[in-house]
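Trainee: after the sequence you'll find the predicted model.
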Amino acid sequence: MRHSATVILTLFASSAQIQRKRAYLTIAAIAWGTVAILLLLAFGEGLKLQLDKNRRAMGENIAILWPGETSKNYKGLSIGRPVRPTIDDVQWLRDRLPEAAAVIGEITSWRTQLTYGRKTINGRVTGTNWEYGEIRKHYPVAGGRFFGPVDEREKRRVVFLGDEMATDLFAEEDPVGKTILINNLPYTVIGVMQKKIQMGAYGGPDKNHAVIPITTFRAQWGRDRLWVLLIQSKTPEAMKPTLSALHELLGPKLGYDPTDEQAFGIWDTVKSSEITRNITFGIQLFLGIIGALTLLIGGVGVANIMYAVVKERTREIGVKMALGARANWIVGPFLLEGLIYTLVGGFLGIVIATLLVTAASFLPVESNQVLGFLGKPTLSWQIGVATSAILGLIGIVAGYFPARRAAAIDPAATLRYE
Amino acid sequence: MSLGLTKTKTNGVPAASNGSSIIHMDAIRKVYDTGKVKVEALKGIDLAIGNGEFVAIVGPSGSGKSTLMNLIGCLDTPTDGRYELAGEHVSDLTRDQLADIRNRRVGFIFQNFNLLPHISASENVEMPMLFGGLPVRERRERARTLLEAVGLGDRTEHKPTELSGGQMQRVAIARALAMEPAILLADEPTGNLDSSSGGDIMTLFNDLWNQGRTLVIITHDQALATRASRIVEIHDGRITRDERQ
Ligand SMILES: Nc1ncnc2c1ncn2[C@@H]1O[C@H](COP(=O)(O)OP(=O)(O)OP(=O)(O)O)[C@@H](O)[C@H]1O
Ligand SMILES: [Mg+2]
C-alpha cells in the first residue's frame, strides 16, 4: 500500500514536471469554468436578494383592496351594486378584526395642483391614516417626519412628499418646513421620503405622490369613499384567513356576499411574492445549469487532454508495464493528475470569483437603474458547496476515463511495432 | 570492456545451479484472435533453458520469435500449454503478479531501446527499482554503478535523445540489469545499430554471459548468434533446430 503510494506519487511528480504547460492549461480551463459558474450563481443570488428587497419596499404582508361591484345577489340586493367602504369603516374594521396587523384607508386625488413659490406641478395626493408611513415604508429623510396620530386627529394641513415630487417642486432646496399650496390651500411640508427602489406599485410609484392625513383630505375634498383598503396580516400565512374574516365582516355591513370575488379587486402581495420567489428560483436554477455546463466543458477538456496523453504515451505505458509496473501504478498518476488539476483550478477559480464579487460589492447599486434591479452579485455557502461538489465530480470523471484506457493497455501489443 | 559487476545473486535461482532449467515450456501455443482471423503464432513449443545458458533464437520474419520472447518474459500469456519460470507456474497468475514477475525475474532489451524519453538515463535505470520498492538512495547509487559498468558513467543525467543508439542500448541493458533478474531477454538488440556499436553491445552480452547470466537473444545477426552457447531456430511457430555449440 505504502509502496504503491510512493510509486504513484513519484510517477505523478515526474509527469507533472514534464507536462508543465499542459498542467497550466488544464488548471486555467477549470479555473475559468469555476469563475463562470460562481459568477452566474452569485449574479442569480444577488438578483434574488435585490428582488426580495425591492418587493418589500412597498410593504410586507400587505394586501390592497379596491372596492368593486357585486356579482352575486345578496339579501335581495341586485348584481352590479357598487361596494362603498368609507373612512369610518376603517375604525369600524379595526375594532372587529383583531387578526389584521393593520387596517388602513386611502383616498386619492389624481392630477392635483401643487404649488411652491412660482412652481406648479400636477401630482397625486393621497389621504391616509398615520400608520401608513411605517407599513408602506415611507421613511423620512433626516430632519423630517411622517405625520402622526395627532396630525390625523386634528386634521392638520401637513404633507409628506415623495422624493421625486420633492425634487420637482423644490429642486435643490430643502422642502421640510416650507409651505406649499395643494389646490390653493397651504400645507406645511413635514418630511420627504427616503429614496427607495420599489418593484410593485398601485396608483403609481411612491416617489411621485404627496401624502396627507385622511381626515385633512376629507375636510378639503369632502370625499368619504375609500379608493383603497390596505390590510396588513401578522404573518404571510395569516393573509388568507384575515381576508376571509374581513369579508365576513364587511359583506353584511356593505351589502355584498362575502364569497363575492368581484366585490373587491384584491392584490395579495403575499401570493404574488411567492410567484416572484418561484421565478427567481427558476432563474437561479437556469444560471446554475449554464454554469455547471460551462464547468463541465472544462472537465471534458481535462478528460480529453488526459485521454490524448494516454494515447500519446501508450508506448511509454507499455514500457513501464514491461518493467514491472502494476496497473494501479499506471492509472494512479492519471487519476491524481485529473483530481489535482481540478482542485487547484477550482480553488483558483473560487479565489478569483470571490475577488470579483467583492469588487462588485463596491458598485453603487442604489444610484443606478439597472443595478437597482439586478442587485449585487452575492456568494453564499450553498453556492460554495454546490460548486465544490460539481468540481469534485468533474475531477473524478476527468481522471477516470483516461485512466481506464491506460489500464487496458496490453504491453505486448504496444511494444510490437515501431 | 569489463563490467565491474560481479554476479552475487540473481532473483530466484542460485547462481551455482548450472544445468537446472530456469525456463520450462511444455506444448506452448499462442493464438492471436484479431476478431476476423485467428493467427496461430506458436504451434506447440517445448523448450527448456538452463541457468547460465546463452540462447540465440533465429528464424525468418513472422516465424514467432517475438511472440515466444513475450511469453518467456511474461509480457503475454500463452493460449495453451504449461510454462514455468524460475520454478514458478505463470500460466494462471493475475496481471499484477505477472507485473511483479517481470520486475524481478526478467530484464527486457528491445531493438528500438524503448527508453522513457522524458527522463534521464539514470532515471530510466531507476524505474524498475522504483517498481521493485527500493529506497531512493539505493536506486540512485545502483543506477550510477550500473551505468558506469556499461561505460556511461559520464552520461547519467543525459536524456535518451542526447545519446547515440549504442549508448541508448547500453542504458537499456543497465536498466534490464537493475533488479538482478534471473534472465535477460533481448529482441534483436543490435538491429538498429551500426556494426561498430553493435559489436560493442555483443561484447557486453558476452561479458554478462561470462559472469554467469542467462541470456535469450533473438537475432538475425549471424555474428551474434555464433557467440551463443545454443541456437534455437523457429519456423512457422515450431522449433526446427536446437543446437548447442
Ligand atoms: N498482436 C498480434 N495480433 C495478431 N497477430 C500477431 C500479433 N503479434 C504477432 N502476430 C502474428 O504472429 C506471427 C508471429 O509474429 P512475431 O512478431 O512473433 O514474429 P517474429 O518472428 O518476431 O518476426 P520478426 O522477425 O519480423 O520480428 C506473425 O504472423 C504475426 O503477424
Ligand atoms: Mg520480432
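Mentor: Looks like it arrived, so ask away. Numbering: from 1, shown residues only, chains lettered A, B, ... in the order given. Ligands and ions are numbered 1, 2, ... in the order given.
Trainee: my guess is B:Leu75 contacts A:Ile409. True?
Mentor: No - assessed by C-beta atoms under 8 Å, B:Leu75 is found out of contact with A:Ile409, at 11.8 Å. The C-beta positions use only the backbone N, C-alpha and C, and glycine is treated the same way.
Trainee: which of those two has more residues huddled nearby?
Mentor: Set B:Leu75 next to A:Ile409 and count neighbours by other C-beta atoms under 10 Å in any protein chain shown: B:Leu75 wins out with 24 against 20.
Trainee: just give the number of residues close to A:Asn122.
Mentor: Neighbourhood size, A:Asn122 [other C-beta under 10 Å]: 9.
Trainee: joint contacts of B:Leu75 and A:Ile409?
Mentor: A:Met321 (C-beta atoms under 8 Å, 6 or more residues apart in numbering or on different chains).
Trainee: could you export stretch A:157-170 as CSV, CA atoms only?
Mentor: Presented in CSV, the C-alpha positions along stretch A:157-170 are these (Å, rounded to 0.1, in the frame of the first residue of the first chain):
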residue,chain,number,x,y,z
ARG,A,157,-52.6,70.5,6.9
VAL,A,158,-49.3,68.7,6.8
VAL,A,159,-47.9,66.9,3.8
PHE,A,160,-45.2,64.2,3.3
LEU,A,161,-43.6,64.3,-0.2
GLY,A,162,-42.3,61.5,-2.3
ASP,A,163,-38.6,62.2,-3.1
GLU,A,164,-39.1,62.8,-6.8
MET,A,165,-42.1,65.1,-6.3
ALA,A,166,-40.0,67.0,-3.7
THR,A,167,-37.2,67.5,-6.3
ASP,A,168,-39.8,68.5,-8.9
LEU,A,169,-41.1,71.2,-6.6
PHE,A,170,-38.1,72.3,-4.7
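Trainee: for that stretch, buried residues please.
Mentor: Neighbour counts over stretch A:157-170 (16 or more other C-beta atoms under 10 Å in any protein chain shown) mark A:157-166, A:168-170 as buried.
Trainee: and if you look at stretch B:199-211?
Mentor: Neighbour-count burial for stretch B:199-211, counted by 16+ other C-beta under 10 Å, picks out B:200-202, B:204-209.
Trainee: for the helix or strand of chain B with the lowest mean pLDDT, packing partners?
Mentor: The least trusted helix or strand in chain B, going by mean pLDDT, DSSP states H and E, turns out to be helix B:222-227, with a mean of 85. Packing partners of helix B:222-227 (3 or more C-beta pairs under 8 Å, 6 or more residues apart in numbering or on different chains; DSSP states H and E): strand B:54-58, helix B:195-210.
Trainee: the residue in chain B that chain A sits nearest to sits in which helix or strand?
Mentor: Going by C-beta to the nearest C-beta, chain A is nearest to B:Asn103 of chain B, at 2.3 Å. Using DSSP states H and E, B:Asn103 maps to helix B:95-105.
Trainee: by contact count, what packs against that helix?
Mentor: Applying 3+ C-beta pairs under 8 Å, 6+ apart, one finds that helix B:95-105 contacts helix A:314-322, helix A:327-360, helix B:121-132.
Trainee: tell me the mean pLDDT over the longest one?
Mentor: When you say that, I think you mean helix A:327-360. Averaging pLDDT along helix A:327-360 gives 88.
Trainee: wait, does that helix contact chain B?
Mentor: Yes - applying C-beta under 8 Å from any C-beta of the partner chain, one finds helix A:327-360 in contact with chain B at A:327-329.
Trainee: list the contacts of B:Cys243.
Mentor: Small correction: residue B:243 is Glu, not Cys. B:230-231.
Trainee: wait, a helix at it?
Mentor: No - going by DSSP: H, G, I helix; E, B strand; the rest coil, the assignment for B:Glu243 is strand, not a helix.
Trainee: beta partners of it?
Mentor: Assessed by DSSP bridges, B:Glu243 has beta-bridge partners B:Ile231.
Trainee: out of the residues of helix A:327-360 next to chain B, grab the one that's most surrounded.
Mentor: A:Trp329 (23 neighbours).
Trainee: helix or strand right after the least confident helix or strand in chain A by mean pLDDT?
Mentor: None of the helices or strands of chain A scores lower by mean pLDDT, DSSP H and E than helix A:369-374, at a mean of 69. Proceeding N to C from helix A:369-374, the next assigned helix or strand is helix A:381-407, under DSSP H and E.
Trainee: just want the angle from that following helix to helix A:327-360.
Mentor: Helix A:381-407 runs at 150 degrees relative to helix A:327-360, counting by axes from the mean of the first three to the mean of the last three C-alpha atoms, to 10 degrees.
Trainee: off-centre distance for helix A:381-407?
Mentor: Put simply, helix A:381-407 sits 31 Å off its chain's centre (C-alpha atoms, centre = their mean, to the nearest Å).
Trainee: before we move on, what SS does A:Arg156 have?
Mentor: Assigned state for A:Arg156: coil (three-state reduction, three-state DSSP).
Trainee: these two touch, right, it and A:Phe217?
Mentor: No - A:Arg156 is not in contact with A:Phe217 according to C-beta under 8 Å; the separation is 11.6 Å.
Trainee: who's more crowded, these two?
Mentor: A:Phe217 (25 against 18).
Trainee: need the residues of chain B near ligand 1, please.
Mentor: B:32, B:34, B:39, B:41, B:59, B:61-67 (C-beta under 6 Å from any ligand atom).
Trainee: restricted to strands, list these.
Mentor: B:32, B:39, B:41 (DSSP state E).
Trainee: thinking again about what came up before, relative to A:Phe147, which of the helices and strands packed on helix B:222-227 is closest?
Mentor: When those are compared by C-beta to C-beta, helix B:195-210 sits nearest A:Phe147, at 106.3 Å.
Trainee: output the contacting helices and strands for the helix or strand just after that closest one.
Mentor: Remark: after helix B:195-210, the chain's next helix or strand is strand B:214-218, criterion DSSP H and E. Under the contact criterion of 3+ C-beta pairs under 8 Å, 6+ apart, strand B:214-218 touches strand B:38-50, strand B:54-58, helix B:65-72, strand B:183-187, helix B:195-210.
Trainee: contacts for strand B:214-218, please.
Mentor: For strand B:214-218, using C-beta under 8 Å, 6+ apart, the contacting residues are B:22-23, B:49-58, B:65-66, B:69, B:72, B:182-189, B:205, B:208-209, B:224, B:228.
Trainee: and the residue nearest the centre of chain B, bridged to which residues?
Mentor: In chain B, the C-alpha nearest the mean C-alpha coordinate belongs to B:Leu185, at 1.5 Å (C-alpha atoms, centre = their mean). B:Leu185 forms beta bridges with B:Phe108, B:Val216, as assigned by DSSP bridges.
Trainee: contacts only, for it.
Mentor: B:69, B:72-73, B:106-109, B:216-217.
Trainee: sec struct for the residue lying farthest from the centre of chain B, please.
Mentor: Note on chain B: the largest C-alpha distance from the chain mean falls to B:Lys36, namely 32.0 Å (C-alpha atoms, centre = their mean). The three-state assignment at B:Lys36 reads coil, by three-state DSSP.
Trainee: ok, it - contacts?
Mentor: Neighbour list for B:Lys36: empty [criterion: C-beta under 8 Å, 6+ apart].
Trainee: please enumerate the strands of the stretch 51-200 of chain A.
Mentor: With strands called from DSSP state E, counting those that start in this stretch, the stretch 51-200 of chain A shows them at A:62-67, A:100-116, A:119-128, A:158-161, A:179-182, A:185-192.
Trainee: now that we have the ones in strands among the residues of chain B next to ligand 1, which one has the most neighbours?
Mentor: Counting neighbours by other C-beta under 10 Å, B:Ala41 leads these with 20 neighbours.
Trainee: from memory B:Leu85 sits against B:Arg105, does it?
Mentor: Yes - using C-beta under 8 Å, B:Leu85 is in contact with B:Arg105, at 5.9 Å.
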